[in-house]
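J.: below is the structure, and that's it, no one-letter string:
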């Protein structure tokens with residue numbers, strides 16, 4: 001217990017607080033914050049009696065939860081939102097996305113697109129994302145200006161783009177950004193080979209070497225489609241995940257993105273050797289990729305987080321939407337309504353995502369000592385009453401439009417639904433200028 005009347009930075013009261021870990025809901029509690037970190041969760045009466053604060057925010061009709069973690073996105077691709085909807089993945093990439101990227105992607109495109117994406121995510125309760133795109137220094141500037149927490153995936157490909165010419169060029173460019181920005185408290189980094197079918201064994205071996213030397217996670221799109229698995233079996237005699245395991249890429253710091261077509265042996269490999277899967281239900285559904293084996297992964301103890309993918313393949317950077325879809329798809333896939341209960345879904349969208357990114361000691365739950373990344377959701381709307389179980393409501397009843405306030409490291413970046421760090425009108429204006437160019 002702190003000394004009586006300690007002068008703390010911030011106190012937030014709410015009808016409910018959902019720490020996520022442990023799995024309990026606190027009623028009529030106060031959250032106490034100092035120096036950007038959570039100091040205590042105490043009953044409001046105790047807070048009145050024992051603590052003094054500089055700023056007191058009372059939200060009597062709200063639930064507080066940890067900031068959501070979007071464990072996979074291509075933020076700058078928000079400027080491609082709606083391009084070539086209803087096309088299958090291969091045609092969507094080869095005929096529509098890659099040609100436009102070759103023409104338009106540059107630091108200014110990435111900066112403007114990332115600011116747009118960060119603004120959308122913050123207003124929807126996502127305080128941290130795992131981004132994977134070109135020109136990560138431009139992304140870093142955008143995330144820092146908006147106040148968002150981000151892991152920057154340093155992209156590696158074997159073929160040239162406006163960003164780099166070959167795998168060595170991608171690694172050199174990405175690691176230079178990491179060296180320059182590694183002391184930013186809201187940024188972290190990962191090596192991000194695009195996919196096993198776009199990166200050679202030789203390049204993966206270099207990636208594994210750098211990952212071990214620099215203590216960086218490895219993330220990659222993997223087994224997103226059935227064709228990808230079939231082609232890998234034909235060419236390499238094994239699944240893509242088995243191939244990467246053979247190359248030394250897997251382990252506790254490995255992030256498998258999508259994993260729609262993981263086999264039983266693949267799941268066993270992840271369970272045995274560690275690893276994380278990022279489930280992107282909306283993107284997988286929209287591109288017709290299939291339904292990931294979410295229940296089997298969780299049953300084997302594999303850590304799972306949720307991602308939206310980019311706004312080009314999803315159209316919405318909306319973790320509330322992903323939570324509901326993940327829950328419903330898991331129930332349909334298993335023919336069992338008890339699969340993926342609301343608490344498990346919320347865990348994946350917060351602490352599961354944080355663990356996948358190696359940030360679970362810092363964010364993902366509302367516990368003393370952790371960064372004060374907090375989301376306030378209004379329970380007073382016509383679509384929110386009555387509320388018997390706030391966690392169930394967060395997954396099945398409410399959406400991102402119910403988010404009113406957001407804090408990152410105790411900084412209020414959304415207040416009453418409005419961003420405090422950047423000019424929303426200016427961001428929208430830049431997006432419309434790009435629309436006229438890209439079309």
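T.: Good, I have the coordinates. Computed from a predicted model, the values in this text were never measured in an experiment.
J.: what sits against residue 211?
T.: Listed by C-beta atoms under 8 Å, 6 or more residues apart in numbering, the contact partners of residue 211 are 191, 217-218, 249, 253. C-beta here means a position set from N, CA and C on the backbone, and glycine is covered the same way.
J.: now it: which helix or strand?
T.: With secondary structure defined by DSSP states H and E, residue 211 is part of helix 201-214.
J.: figure out how far that helix is from the centre of its chain.
T.: When C-alpha coordinates are averaged (C-alpha atoms, centre = their mean, to the nearest Å), helix 201-214 and its chain have centres 24 Å apart.
J.: in that helix, what counts as buried?
T.: When neighbours are counted by 16 or more other C-beta atoms under 10 Å, the buried residues of helix 201-214 are found to be 203-204, 206-208, 210-211.
J.: in TSV: these, plus distance to residue 414.
T.: Listed next are the buried residues of helix 201-214 as TSV, based on distance: C-beta to C-beta, whole Å:
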residue	distance to residue 414
203	40
204	40
206	41
207	36
208	39
210	36
211	35
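J.: max pairwise distance over those residues: which two?
T.: Taking every pair in the buried residues of helix 201-214 and measuring C-beta to C-beta, the maximum separation is 12.4 Å, between 203 and 211.
J.: hang on, the earlier thing: pick the one among the buried residues of helix 201-214 closest to residue 132.
T.: Of all the buried residues of helix 201-214, the one with the least separation from residue 132 (C-beta to C-beta) is residue 207, at 13.6 Å.
J.: ok, the closest one - contacts?
T.: For residue 207, the contact set (C-beta under 8 Å, 6+ apart) comprises 156, 171, 191, 193, 199, 218, 249.
J.: which of those residues sit farthest apart?
T.: Distances among those were taken as C-beta to C-beta; the most separated pair is 171 and 249, at 14.4 Å.
J.: immediately after the helix holding residue 211, which helix or strand?
T.: With elements assigned by DSSP H and E, the helix or strand that comes after helix 201-214 is strand 218-222.
J.: pLDDT of that next one, averaged?
T.: Averaging pLDDT along strand 218-222 yields 98.
J.: give me the packing partners of it, helices and strands only.
T.: strand 187-193, helix 201-214, helix 240-246, strand 254-258 (3 or more C-beta pairs under 8 Å, 6 or more residues apart in numbering; DSSP states H and E).
J.: to residue 422, which of these lies closest?
T.: When the helices and strands packed on strand 218-222 are compared for distance to residue 422 using C-beta to C-beta, the nearest one is strand 187-193, at 17.1 Å.
J.: tell me what that closest one is packed against?
T.: Contacts defined by 3+ C-beta pairs under 8 Å, 6+ apart place strand 187-193 against helix 136-146, strand 149-156, helix 167-181, helix 201-214, strand 218-222.
J.: now for those, which one comes closest to residue 64?
T.: The closest approach between residue 64 and any of these, judged by C-beta to C-beta, belongs to strand 149-156 at 17.5 Å.
J.: could you give the mean pLDDT of that closest one?
T.: Average pLDDT, strand 149-156: 98.
J.: ok, now stretch 71-80?
T.: Mean pLDDT, computed over stretch 71-80, is 98.
J.: sorry, back to before: can I get the buried residues of helix 201-214 in a markdown table with pLDDT and distance to residue 75?
T.: Supplementary listing: the buried residues of helix 201-214 in a markdown table, determined by pLDDT from 0 to 100; distance: C-beta to C-beta, whole Å:
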| residue | pLDDT | distance to residue 75 |
| --- | --- | --- |
| 203 | 98 | 24 |
| 204 | 98 | 25 |
| 206 | 98 | 26 |
| 207 | 98 | 22 |
| 208 | 98 | 26 |
| 210 | 98 | 23 |
| 211 | 98 | 22 |
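J.: residue nearest the centroid of the chain?
T.: residue 70 (1.5 Å; C-alpha atoms, centre = their mean).
J.: helix/strand/coil for it?
T.: Secondary structure of residue 70, reduced to three states by DSSP: H, G, I helix; E, B strand; the rest coil: strand.
J.: contacts only, for it.
T.: Counted by C-beta under 8 Å, 6+ apart, residue 70 has contacts 121, 126, 128-130, 306-308, 317, 319, 353.
J.: out of those residues, which is nearest to residue 32?
T.: Of all these, residue 32 sits closest to residue 128, with 21.6 Å by C-beta to C-beta.
J.: neighbours of that closest one, how many?
T.: Residue 128 sits with 29 neighbouring residues when counted by other C-beta atoms under 10 Å.
J.: ok, residue 234 next?
T.: Neighbour number of residue 234 under other C-beta under 10 Å is 8.
J.: and if you look at residue 22?
T.: Residue 22, neighbours per other C-beta under 10 Å, totals 7.
J.: dump the residue contacts of residue 151.
T.: Under the criterion of C-beta under 8 Å, 6+ apart, the contact list for residue 151 reads 128-131, 187-190, 357, 359.
J.: and it, bridged to which residues?
T.: Taking DSSP bridges, one obtains residue 130, residue 188 as the residues bridged to residue 151.
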